[in-house]
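[1] Any chance you could fold what I've pasted below:
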Amino acid sequence: MLEVGAGVGTYTTRLLAAGAVSVLALESDPAALPSLRRRVDPDPRVEIRAEELPGAPSVAAAAGTFDLVVCQNVLEHIEDDAGALAAMRDALVPGGRLALVVPNDPRLFGSLDRVYGHHRRYRRGELVALVEEAGLEVESARHFNLLGVLGWVVSSGRRRTAIDPRALRLFDRAVPLWRRLEDRVRPPYGLSLVVLARRPDDR
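    Alright, predicted model coming up:
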């Protein structure tokens, strides 16, 4: 598996717990690397590289060998998002899959996006087209986290530079129930977009 933007290793540990045979974890933020290394470096299944896409040497060297690429809340930080998606496509084996999470709707772009270093937010149709132009087949593209939209709008409208801890605590309490609801009824809108895509089999 290839994890693009491993951060402090939250999802890296989940990939390992789910049975990943090996994980190449890319993280270019110097502030996140010490925590990432403390969390997962003892595990021999993990290789950490301080690189980013496009242009990561470790990914180019292992092109066509990954069964899964995971990129969660990272693509919006990359200026050349089309180039990054093409590199993810090249990383996958034929039939391999990409799991992608990005922020939804440019109309929600505000102070928090700027603080977090986002270049953009995405519309569903535009994101699907971008993924397909990279040579991947989109299997599903859906909205996610309708619950978080109001808090994001309020925080950005007040030009905050961080999410209010009280609001975050309320959100965390509501998530278990809301998650069950979103699993049953897919929301027509949300704070994020989730795309699952596949590299076509070579002909």
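[2] what are the phi and psi values for residue 66?
    phi -90, psi 140 (degrees, to the nearest 10).
[3] Does it touch residue 97 like I think?
    No - counting by C-beta atoms under 8 Å, residue 66 sits too far from residue 97 to count as a contact (9.5 Å). C-betas here are computed from N, CA, C, even on glycine.
[4] Which one's more surrounded, these two?
    A count of neighbours by other C-beta atoms under 10 Å puts residue 66 above the other of residue 66 and residue 97, at 24 against 19.
[5] ok, what's across the strand from that one?
    Residue 66 has these beta-bridge partners by DSSP bridges: residue 92.
[6] quick one: it and residue 57, what's the gap?
    Residue 66 sits 15 Å away from residue 57 when distances are taken as C-beta to C-beta, to the nearest Å.
[7] Please apply the same query to residue 37.
    Residue 37 is 19 Å from residue 57, by C-beta to C-beta.
[8] More neighbours: which of the two?
    residue 37 (16 against 9).
[9] which residues does that one contact?
    Residues in contact with residue 37 (C-beta atoms under 8 Å, 6 or more residues apart in numbering) are residue 48.
[10] what do you get for the one 10 residues further on?
    With contacts taken as C-beta under 8 Å, 6+ apart, residue 47 has the following neighbours: 22, 23, 24, 25, 58.
[11] Contacts only, for the residue at minimal distance from the centre of the chain.
    Central residue of the chain (C-alpha atoms, centre = their mean): residue 72, 1.1 Å from the mean position. Contacts for residue 72 were tallied using C-beta under 8 Å, 6+ apart; they are 5, 11, 99, 100, 101.
[12] rerun that using 10 Å as the cut-off
    Residue 72 is in contact with 3-7, 10-11, 99-102, 192, 194, counting by C-beta atoms under 10 Å, 6 or more residues apart in numbering.
[13] Nothing else from me, thank you.
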